[in-house]
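Visitor: Sequence plus predicted model, see below.
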Amino acid sequence: MIVLKSKAEIELMAKAGAVTAAMLEEIAELIRPGMSSAELDRWCEEYIIAHGMKPAFKGYGGFPASVCISVNEEVIHGIPSTRKFKEGDIVSVDLGTIYEGFYSDAARTYPVGEVDEQSRRLIEVAEESFFEGLKFCRTGMRIGDISNAVQSCVESNGFSVIRDYTGHGLGRDLHEDPQVPNYGRAGRGPQLLPGMVIAVEPMIAAGSYDVRVLEDEWTVVTADGSRAAHYENTVVITDGEPELLTKL
């Protein structure tokens, strides 16, 4: 069941989203060679708590950290560890906050120092495809319109869209209806209505879209070892332009 949010509920989600957005901006300046994913996770948790909120992911389904940090071929759900970032790595950071019982959710992929041209372009296309999808986040459109726009952008740039994981609705729960796939046919799926809040999150790969889950039962990697990028924002459907809650 798709739950439409009231103006007051969206205002609470906007407060959660503003903290998430600010963190994502600061992380771009923090990530550097020699930093561990555990250090970044700790910084994020302290930031969230200092702003009177709770980490959205810590303990969610048993996840052991506050932030999902995925490096290179890791697509999503990477568990922070003592592993240190190296020059040329790309790092996907997926995080969210809980404020007054409401969630925010967003992700970015960052270069560590100088990266190769394909990695740089992969990061750019993940973001570009989000904004192509955002054009269809309007009342009266359908989920499939978003999905098709994301897929078209990604594939026209020579990359692939991960198919096993999707975007989603959110509100009082981190994952609500509807699912928001990053591929599909236009004109299909639930119709968008004012008050819907969705996480649109292209996950793309330089090679095949096939993935597998590591033995930790969390970390999703590309099956062929190609690099992956992730870009996500919490989006509110309105009577007019969509509202981004997790981008400054």
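Guide: That came through fine.
Visitor: Could you give the number of residues near the closest residue to E127 other than its chain neighbours?
Guide: Using Cβ to Cβ, 6 or more residues apart in numbering and skipping the chain neighbours, the partner closest in space to E127 is Y231 (4.7 Å). The C-beta positions use only the backbone N, C-alpha and C, and glycine is treated the same way. Y231 is flanked by 24 other residues according to other Cβ atoms under 10 Å.
Visitor: Next one, pLDDT for Y231 please.
Guide: You'll see Y231 listed with a pLDDT of 98.
Visitor: Give me the buried positions along the longest helix along the chain.
Guide: Longest helix in the chain, counting residues (DSSP state H): helix 7-30. Of the residues in helix 7-30, those buried by neighbour count under the rule 16 or more other Cβ atoms under 10 Å are 9-10, 12-21, 23-24, 27.
Visitor: And the average pLDDT for that helix is what?
Guide: pLDDT averaged over helix 7-30 gives 98.
Visitor: cool, and stretch 148-166?
Guide: On average, stretch 148-166 scores 98.
Visitor: buried stuff in it?
Guide: So, applying 16+ other Cβ under 10 Å, buried residues of stretch 148-166: 148-155, 159-162, 165-166.
Visitor: sorry, back to before: who does the longest helix of the chain touch, helix- and strand-wise?
Guide: With contacts taken as 3 or more Cβ pairs under 8 Å, 6 or more residues apart in numbering; DSSP states H and E, helix 7-30 sits against helix 37-50, strand 90-95, strand 97-99, strand 102-103, strand 106-111, strand 233-236.
Visitor: Give me the mean pLDDT for the helix or strand just after the longest one.
Guide: Downstream of helix 37-50, the first helix or strand assigned by DSSP states H and E is strand 54-55. Averaged across strand 54-55, the pLDDT comes to 98.
Visitor: quick one: strand 54-55 to chain centroid distance?
Guide: 16 Å (Cα atoms, centre = their mean, to the nearest Å).
Visitor: Neighbouring strands - and their directions - for the following helix or strand past it?
Guide: Counting by DSSP H and E, the element after strand 54-55 in chain order, helix or strand, is strand 68-71. Strand pairing for strand 68-71, determined by DSSP bridges: strand 90-95 (antiparallel).
Visitor: give me every residue that touches Q118.
Guide: By Cβ atoms under 8 Å, 6 or more residues apart in numbering, the residues touching Q118 are A206, R227.
Visitor: where does it land in three-state SS?
Guide: helix (DSSP: H, G, I helix; E, B strand; the rest coil).
Visitor: pLDDT at it, what is it?
Guide: Value for Q118, per-residue pLDDT: 98.
Visitor: rewinding a little: with distance to G189 as added columns, please give the helices and strands packed on helix 7-30 in JSON lines.
Guide: JSON lines is the format used below for the helices and strands packed on helix 7-30 (distance: least, Cβ to Cβ, whole Å):
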{"stretch": "helix 37-50", "distance to G189": "33"}
{"stretch": "strand 90-95", "distance to G189": "23"}
{"stretch": "strand 97-99", "distance to G189": "28"}
{"stretch": "strand 102-103", "distance to G189": "22"}
{"stretch": "strand 106-111", "distance to G189": "22"}
{"stretch": "strand 233-236", "distance to G189": "15"}
